Each structure stands twice: as C-alpha cells, then as structure tokens.
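Novice: Predicted model and sequence follow; I will ask about them next.
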Amino acid sequence: MTVRRSAAALATTAVLLGAAAPVAVAAPSPSPSAEVPPGLYGTTDPTYDGVWRQSLAFLAQKIEYVTPSTQAVDWLVGQQCGSGAFTSYRDAAKPCDASTVMDTNATAAAVQALVEIEQHREAADNGADWLKSVQNEDGGWGYNPGSPSDANSTGVVIGALARTGVPVNELTTADGSTPYTALQALGIPCGEKDGGAFAYQPGRKSDDGNKDEKAGEDSKKDSKSDEGDDKAGLVANLDSSAAAVLGLLGKGMAIGDANAVKDPVCTKGEDLSPEQSAQNGAWFLAATLKKTPYLEQAPMPGAEDSAPQPDFGNTADAVVALAAAGHKDKAAASVRWLEKNSRTWAKQGGPAASAQLVLAAHATGTDARNFGGVDLVKQLNATGPAPAATASPSPTPTGAQPTSGTSSDDGGLSLGWLIGIGVLVGTGIGLLISMRRKKQQP
C-alpha cells in the first residue's frame with residue numbers, strides 16, 4: 001500500500017479491533033478534533049493524505065455524476081505549487097520553497113481528478129509536465145522526486161499522464177527505458193513462485209511505513225547464484241500488483257464500467273508487451289482472490305505474530321485492476337464480499353475509503369448507491385462540502401458513462417455532464433440539486 005492508504009488502514013484497523021496502532025507507526029491522527037481546512041473532505045489530520053483523499057473523492061463523484069462544490073475544487077487547486085507539483089498537504093497561505101516536500105502520488109491523483117471533473121485543465125497539464133520532469137533514469141517514479149522507482153508510484157503517474165493525453169510509451173530516458181519497462185522490471189516471471197505478481201521495489205515487501213525489508217536469506221542466496229538476473233529478490237506485493245496492472249494498461253483509477261470479459265493468462269518469456277505483463281498481474285490477482293474473496297493486510301509493525309486481517313482497500317483496488325484487464329467476472333465474489341463486510345471500514349475510513357468502494361462498484365457494474373444496503377455516494381458526499389449538483393439514481397448499472405472533454409474553469413457544468421444529464425432526463429430520471437449542510441463524519 002502507499003503510505004497514505006496504509007496510514008488510513010492502520011487507523012481504521014485499530015478502531016475495528018478496539019486497539020491502538022503501535023506508537024512506531026507514523027500515521028495521521030484519526031481524531032475528529034483535528035483542524036481541517038474549509039473545502040477539504042474528511043475530518044482527520046490531512047498531513048499525509050489531504051490531496052490524495054480529495055482527489056479520490058472527486059474521481060468517485062465524477063463517475064457517479066456528482067459535481068463537487070467550487071469550494072472543494074478551489075481547495076485542491078490551491079494545494080498546487082508553482083512548479084506544477086502537489087504535496088501530500090500544505091498550508092496554502094505559505095509559498096512553496098526548497099523545503100517543500102513534493103509528492104508524485106498526490107500530484108498524479110490530483111491531475112487525474114482535475115481532468116475527470118473537467119475543471120482547471122491548465123493546472124492538470126502543469127502537474128503532468130512536472131511529473132515528466134522528475135522521471136527516473138529507469139523510466140519510473142518514486143514517492144518523492146529522486147527516490148527509487150516503485151510500482152505504486154509509477155502506476156498512478158502513468159494513469160495521470162495517460163489521462164492528460166501524454167504518449168506514455170514515448171517518455172524514454174537516455175538508455176531507452178520507458179515507464180512501462182520500469183514496471184515490467186518489477187514483475188515476477190510466470191512459472192516461478194508468485195509468478196505474475198509485481199514487487200513494490202526490488203527486495204522490498206511494501207511501502208506501508210515499515211522499514212526496508214529484504215526478501216530474506218533464501219533470496220540473497222538466489223541473488224548470488226543468479227548474478228545478472230535483475231528479477232532476483234523480487235517479493236510479491238498485492239497492492240503493487242494492482243497498481244502495476246492499471247499502469248501497464250495505461251489507465252487511471254476511475255476506469256468506468258469495464259464490459260469486456262476474457263480468461264486471465266500468465267505468459268512466460270522475456271520481451272513481453274505491457275499488455276501481456278498487465279495480464280500476468282491480473283492472472284495473479286485472480287488466482288489469489290480465488291482462494292479467498294479478499295486480500296489480507298500485512299501485520300502491523302510490532303505485531304508480526306498477529307492473525308492477518310482483511311484488507312478492504314487493497315481488495316477494492318484489485319477489483320478495479322481485474323475489471324480494467326477484462327476480468328470483472330473474476331472479481332464478482334470480491335465485490336459481494338465487500339458489499340457484506342465493508343460498511344464499518346468505509347464509514348471509519350473516511351472519503352478515500354468510500355471513494356475506493358465507489359470506483360470498485362462502478363468498474364464492475366454494481367450499484368454504488370445500494371452497495372450492501374449503503375448509499376456510498378451519499379456517504380461520500382457527506383464527508384465534504386455539499387456538491388454543486390448530483391444526478392440520481394445512480395447511472396452505474398445501465399446509464400451512459402461519463403467521459404472527459406473540454407475543460408472548464410468557471411465552476412459550472414461541463415458540456416459532457418449536461419449531455420449526460422439530458423440523457424437521464426430523457427429517460428425519466430430527474431436532476432436533483434442538493435444543498436445540504438456539511439456533515440462531519442464521526
């Protein structure tokens with residue numbers, strides 16, 4: 001998981017288990033009393049995930065025909081630095097300077113969100129330009145500029161660049177590496193243990209706040225015996241596998257309803273295409289979810305001997321990845337499991353958690369407004385400023401899918417949005433304008 005997702009997951013797990021997370025975990029405080037700026041979704045400390053959760057909220061709202069308020073959009077745009085980069089969160093009253101820590105994940109998420117809601121396209125393009133400027137020599141991206149490339153960061157950045165129209169395969173470095181080759185270098189070959197999966201980084205188990213962990217003595221021995229094999233020491237990471245699948249397919253986090261269905265295949269050999277590598281990752285995820293309909297969360301630091309817990313966020317991400325790869329039938333059991341079991345997690349996890357479920361529901365043609373008896377869209381909307389407009393009921397199962405078009409900076413409704421609403425009105429579905437008071441999530 002990315003740090004921001006891990007922090008939210010650890011805080012939520014503590015709530016669900018009735019126990020506090022270990023002191024060693026650098027996670028944002030889940031206290032409702034944390035000061036949250038006007039316009040920001042959620043009530044918890046935004047230090048590590050402010051831009052991320054705001055962006056996911058917009059992506060989920062857009063795909064369900066909800067237009068976020070001008071106040072909320074202005075907050076997100078106000079987080080951008082003059083370079084085009086975003087931080088995880090900053091005091092916008094203070095200018096960005098040399099000490100400001102830029103965040104590739106936050107920037108990529110914000111770029112995707114602004115493109116999807118069709119507002120402030122110039123800000124989105126500036127963000128994409130900055131991402132291109134900090135590409136690593138291996139073709140990928142790390143969490144921060146200059147840090148080693150990882151699958152999660154590279155996957156989300158590819159999605160952002162693709163949504164802004166950048167030809168990702170043409171972003172070559174001096175040695176000819178592309179973002180796709182950076183991801184493929186982290187793929188575990190088919191036929192080997194955990195074949196088809198992707199590692200977070202070579203020799204790293206995850207980026208969830210734990211210290212660097214090597215693959216173990218066996219992997220070290222393998223590395224010595226297989227000198228020159230750059231695949232040695234790769235450790236399968238579930239969330240990285242989902243991120244890599246989306247990245248290799250050139251897709252963003254909001255994929256819409258994926259209609260194509262085909263059998264997953266794990267292709268052996270070298271010189272695979274990005275599509276083949278993506279399908280290998282999907283094959284691994286499908287095989288893993290066939291055993292249990294949910295993915296498991298790695299033990300928290302200091303609690304390695306504890307029983308593994310279901311990882312709701314990673315399961316939702318895997319559902320989206322499978323659907324994007326044409327295997328939403330293989331994600332059906334996981335969607336049903338999420339419908340039955342994710343209510344408490346989504347409520348405690350705040351806007352990002354609700355948004356992840358909305359994206360998973362939409363990707364599989366499931367009704368996000370009746371997800372296990374919960375209206376996820378209403379729940380998400382209630383975590384921030386009242387939306388400018390909403391369409392109801394949900395267009396997910398049969399309605400037209402939202403598409404990106406010409407951007408608009410005037411805070412009004414885009415042409416694509418109006419056309420979609422016209423279709424809905426033509427079929428007897430009215431537009432409801434909601435001006436509810438802002439509701440704080442407990």
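Specialist: Arrived safely.
Novice: In stretch 112-129, which residues are buried?
Specialist: By neighbour count on 16 or more other C-beta atoms under 10 Å, the buried set for stretch 112-129 is 112-121, 123-129. In this view, the C-beta of every residue, glycine as well, is placed from N, C-alpha and C.
Novice: Could you list which of those residues belong to helices?
Specialist: In helices, defined here by DSSP state H, the members of the buried residues of stretch 112-129 are 112-117, 121, 123-129.
Novice: possible to save the residues you listed as a markdown table with distance to Ala254 and pLDDT?
Specialist: Shown next, in a markdown table, are those (distance: C-beta to C-beta, whole Å; pLDDT from 0 to 100):
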| residue | distance to Ala254 | pLDDT |
| --- | --- | --- |
| Gln112 | 7 | 98 |
| Ala113 | 9 | 98 |
| Leu114 | 12 | 98 |
| Val115 | 10 | 97 |
| Glu116 | 6 | 96 |
| Ile117 | 10 | 96 |
| Arg121 | 16 | 97 |
| Ala123 | 18 | 98 |
| Ala124 | 14 | 98 |
| Asp125 | 18 | 98 |
| Asn126 | 21 | 98 |
| Gly127 | 16 | 98 |
| Ala128 | 16 | 98 |
| Asp129 | 22 | 98 |
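Novice: what about the helices in the stretch 151-300 of the chain?
Specialist: If DSSP state H, counting those that start in this stretch is used as the criterion, the helices of the stretch 151-300 of the chain fall at 151-163, 179-184, 217-225, 238-248, 274-291.
Novice: which of those sits most buried?
Specialist: Stretch with highest mean neighbour count among the helices of the stretch 151-300 of the chain: helix 238-248 (a mean of 30; mean count of other C-beta atoms under 10 Å).
Novice: next one: it to chain centre, how far?
Specialist: 10 Å (C-alpha atoms, centre = their mean, to the nearest Å).
Novice: where in the stretch 301-442 of the chain is pLDDT low?
Specialist: By pLDDT under 70, the weakly predicted segments of the stretch 301-442 of the chain are 301-305, 392-442.
Novice: ok, now the stretch 1-150 of the chain?
Specialist: Looking along the stretch 1-150 of the chain with the criterion set at pLDDT under 70, you get 1-34.
Novice: and the residue nearest to Pro385 when sequence neighbours are not counted, how many neighbours does it have?
Specialist: Once flanking residues are discounted, Pro385 sits nearest to Ser69: 4.2 Å by C-beta to C-beta, 6 or more residues apart in numbering. Neighbour count for Ser69, taken as other C-beta atoms under 10 Å: 19.
Novice: my guess is Ser69 contacts Pro387, does it?
Specialist: Yes. Using C-beta atoms under 8 Å, Ser69 is in contact with Pro387, at 6.0 Å.
Novice: Helices of the stretch 301-442 of the chain, start to end?
Specialist: 312-324, 332-341, 343-363, 376-381, 415-426.
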